[in-house]
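1. Below are the sequence and a predicted model; questions follow.
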Amino acid sequence: MVSRQPHKIALVSRTAPFARAVGVLLLCALPLTACDGGVHGKPGGSGLSDPYFPKAGNGGYDVTHYGLTLAYDPGPRRLTGTAVITARATEDLSAFDLDLQGMEVRSVTVEGRDARFNRAGQELTVRPHDGLDKGETFSTTVRYTGTPQTLTDPDGSKEGWLPTSDGALALGQPVGSMAWFPSNNHPSDKATYDIAVSVPADGKLTAVSNGELTGTTTAKGRTTYRWHTGEPMASYLATVAIGDFDVRRSTLKNGLPVYTAVDPSLAKASDAVLGQLPEIMDWAEYNFGPYPFSSTGAIVDRLPDGSYALETQNRPTFPGVPDTATLVHELAHQWYGDSVTPRSWRDMWLNEGFATYAEWLWDEDHDGPSAQETFQELYDGAKDSGVDSDELWSFPPARPSGAAHISDEPVYSRGAMVLHKIRQTVGDDAFYDIIQGWATTHRHGTASTADFTAYVEKKAPHKDFTLIWHDWLYGEGKPAHS
């Protein structure tokens, strides 16, 4: 994501134990079925204790696939959905939770049998008819409907389901995906996706999502667009864009499909920047290694309630006409953030520091300032840097000061400065080996800051990174020396 701060783009309690126990007793009292005496195991955890979003995600299972069938009517802003969630139990389970904020749940089944469920905030607690064994793969189907919510993040920005003048755009960072589909809503649990979206067949609306378009059909007054994402994706990177779009399909020189969807009012102004996409992709592969996904592209929409670009997988979204730096940033995220995903929201700098440094490298390679010059401007507090110096040193990149600050300047610019210090220490050849190897080693996986520092030390065993980690990555305040 591009920083949610104004400079970033030219447009710029957990249920208490007692209440939870009462909820389970109430579930047992429901007339659907009696509590099955053969159910074993225990309820999965409601939340993964993320340091900034403790309610996000759930314990006891790993999702392998989401099959989402959605129908949206922009007039009443009503969404009807069926989510088929395939998962593997990581412990014996008598119940488990999904994250879903708002929406009316019509029914839940597990392995084709009706399951009892209850709601408490964003927690949808499901009690299957039979217990689930550790290692067992199971399927849960949730049918739901309603008006999806636009959520306000701790930093004041908007996410979730964002209505537009002609449709809607779904943005999920950090937790907004729970506004439009039930999930294990944490970056540590990635899955493949099939997303089918139907809209009124008036010839005006298109539904765009992640991955590749596998088919379009029209029947009974509705047109359905089917999208498939075959590589693992974190829930916050899933998107749906519904509206009137100028759609263009092409391929890169290596045969990679490109799919762009642009609001017609922004198409002409976006042409020049989006025309750079093939060049940026070629440059990024040279610097970061093979592209990790099976398609690329962009979504450009008019978004009154959103002021930030986001690295939605395969197809970054922009709230207006992007500039080159923003496009470079969001495409770099496909390697760093989308393929190599942070294990927790504390590791956000592994996304944003890398993508910000990609901007510096692009400038360095295209007659702009060198990365060293950009680094020094920031360190010196130069006005031309466009960064508030007090904010830059307000907290270390690996320890944001709270959930409201995971998209603040230290995570972005100071995170990039950490990478530049590594480059200074090891030299260019070893540095590019490190960042390419990091993307390859953790391809389609998750990683933490500790994983990264250990990887760097392993790749350059004769170098001393103590001061970089102590002063630049974890240290409070401005380091004494640049």
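-> All right, it came through fine. For clarity, every value in this text was computed on a predicted model and none was experimentally measured. Numbering: from 1, shown residues only.

2. Show me which helix or strand of this structure is least confident by mean pLDDT.
-> Within the chain, judged by mean pLDDT, DSSP states H and E, the helix or strand with the poorest mean is helix 17-29; its value is a mean of 38.

3. low pLDDT regions in this structure?
-> Per-residue confidence for the chain (pLDDT under 70) gives these ranges: 3-38, 305-306.

4. Return the list of helices and strands in contact with the helix or strand hosting Ala87.
-> Assigning secondary structure by DSSP states H and E places Ala87 in strand 78-89. In terms of contact count using 3 or more CB pairs under 8 Å, 6 or more residues apart in numbering; DSSP states H and E, strand 78-89 is assigned the packing partners strand 61-73, strand 137-146. Placement of C-beta: from N, CA and C, glycine included.

5. quick one, which of these is nearest to Lys459?
-> Relative to Lys459, the nearest member of the helices and strands packed on strand 78-89 by CB to CB is strand 61-73, separated by 29.2 Å.

6. Paired strands for the closest one, with orientation please.
-> Paired neighbours of strand 61-73 in the sheet (DSSP bridges): strand 78-89 (antiparallel), strand 191-200 (parallel).

7. For Lys253, which of the helices and strands packed on strand 78-89 is the nearest?
-> The minimum distance between Lys253 and those falls on strand 61-73, with 32.0 Å, by CB to CB.

8. List the buried residues for that closest one?
-> Buried residues in strand 61-73, counting neighbours by 16 or more other CB atoms under 10 Å, are found at 61, 63, 66-72.

9. what angle sits between it and strand 137-146?
-> 30 degrees (axes from the mean of the first three to the mean of the last three CA atoms, to 10 degrees).

10. now stretch 161-168, how far from the centre of its chain.
-> From the chain centre to the centre of stretch 161-168 is a distance of 19 Å (CA atoms, centre = their mean, to the nearest Å).

11. thinking again about what came up before, distance to Arg143 added to the buried residues of strand 61-73, as JSON lines?
-> Putting the buried residues of strand 61-73 into JSON lines (distance: CB to CB, whole Å) gives the following:
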{"residue": "Tyr61", "distance to Arg143": "20"}
{"residue": "Val63", "distance to Arg143": "18"}
{"residue": "Tyr66", "distance to Arg143": "14"}
{"residue": "Gly67", "distance to Arg143": "13"}
{"residue": "Leu68", "distance to Arg143": "12"}
{"residue": "Thr69", "distance to Arg143": "10"}
{"residue": "Leu70", "distance to Arg143": "12"}
{"residue": "Ala71", "distance to Arg143": "12"}
{"residue": "Tyr72", "distance to Arg143": "15"}
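
12. With respect to Glu311, which of those is nearest?
-> Of all the buried residues of strand 61-73, Glu311 sits closest to Tyr66, with 18.8 Å by CB to CB.

13. Look up how far Pro461 lies from that closest one.
-> Counting by CB to CB, to the nearest Å, the gap between Tyr66 and Pro461 amounts to 41 Å.

14. Show me which of the strands paired with strand 61-73 has the highest average neighbour count.
-> Taking mean count of other CB atoms under 10 Å as the contact definition, the stretch among the strands paired with strand 61-73 with the greatest mean neighbour count is strand 191-200, which reaches a mean of 20.

15. send the alpha carbons of that strand over as CSV?
-> Extracted in CSV, the C-alpha atoms of strand 191-200 (Å, rounded to 0.1, in the frame of the first residue of the first chain):
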residue,chain,number,x,y,z
ALA,A,191,-5.5,-19.5,0.4
THR,A,192,-6.5,-19.7,-3.2
TYR,A,193,-9.7,-18.1,-4.4
ASP,A,194,-12.5,-18.4,-6.9
ILE,A,195,-14.7,-15.3,-6.9
ALA,A,196,-17.9,-15.1,-9.0
VAL,A,197,-19.7,-11.8,-9.0
SER,A,198,-23.0,-11.2,-10.7
VAL,A,199,-24.4,-7.7,-11.5
PRO,A,200,-27.4,-6.4,-13.4
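
16. Identify the residues contacting whatever helix or strand comes next after that strand?
-> On the C-terminal side of strand 191-200, the nearest following helix or strand under DSSP H and E is strand 206-209. Strand 206-209 is contacted by residues 72, 195, 197-199, 224-225, 227, 229, 238-245, 247, 259, 261, 299, 315 when judged by CB atoms under 8 Å, 6 or more residues apart in numbering.

17. could the strands paired with strand 61-73 go into CSV alongside distance to Tyr144?
-> Written out in CSV, the entries for these read as follows (distance: least, CB to CB, whole Å):
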stretch, distance to Tyr144
strand 78-89, 5
strand 191-200, 15
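
18. of all the ones you listed, which lies closest to Ser183?
-> Proximity to Ser183, assessed across the strands paired with strand 61-73 by CB to CB, is greatest for strand 78-89 (7.4 Å).

19. What are the contacting residues of that closest one?
-> With CB under 8 Å, 6+ apart as the contact definition, strand 78-89 has outside contacts at 60-72, 98, 103, 132-148, 161, 180-184.

20. Can I get it as PDB, trimmed to CA atoms?
-> As requested, C-alpha coordinates have been extracted for strand 78-89 and formatted as PDB (Å, rounded to 0.1, in the frame of the first residue of the first chain):
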ATOM      1  CA  ARG A  78     -27.300  -5.000  -1.300                       C
ATOM      2  CA  LEU A  79     -24.900  -8.000  -1.500                       C
ATOM      3  CA  THR A  80     -25.900 -11.600  -1.300                       C
ATOM      4  CA  GLY A  81     -23.200 -14.100  -0.900                       C
ATOM      5  CA  THR A  82     -22.300 -17.800  -0.500                       C
ATOM      6  CA  ALA A  83     -18.900 -18.600   0.800                       C
ATOM      7  CA  VAL A  84     -17.600 -22.100   0.600                       C
ATOM      8  CA  ILE A  85     -14.500 -22.300   2.800                       C
ATOM      9  CA  THR A  86     -12.200 -25.300   2.600                       C
ATOM     10  CA  ALA A  87      -9.800 -25.700   5.500                       C
ATOM     11  CA  ARG A  88      -7.700 -28.200   7.500                       C
ATOM     12  CA  ALA A  89      -8.100 -28.500  11.200                       C
END
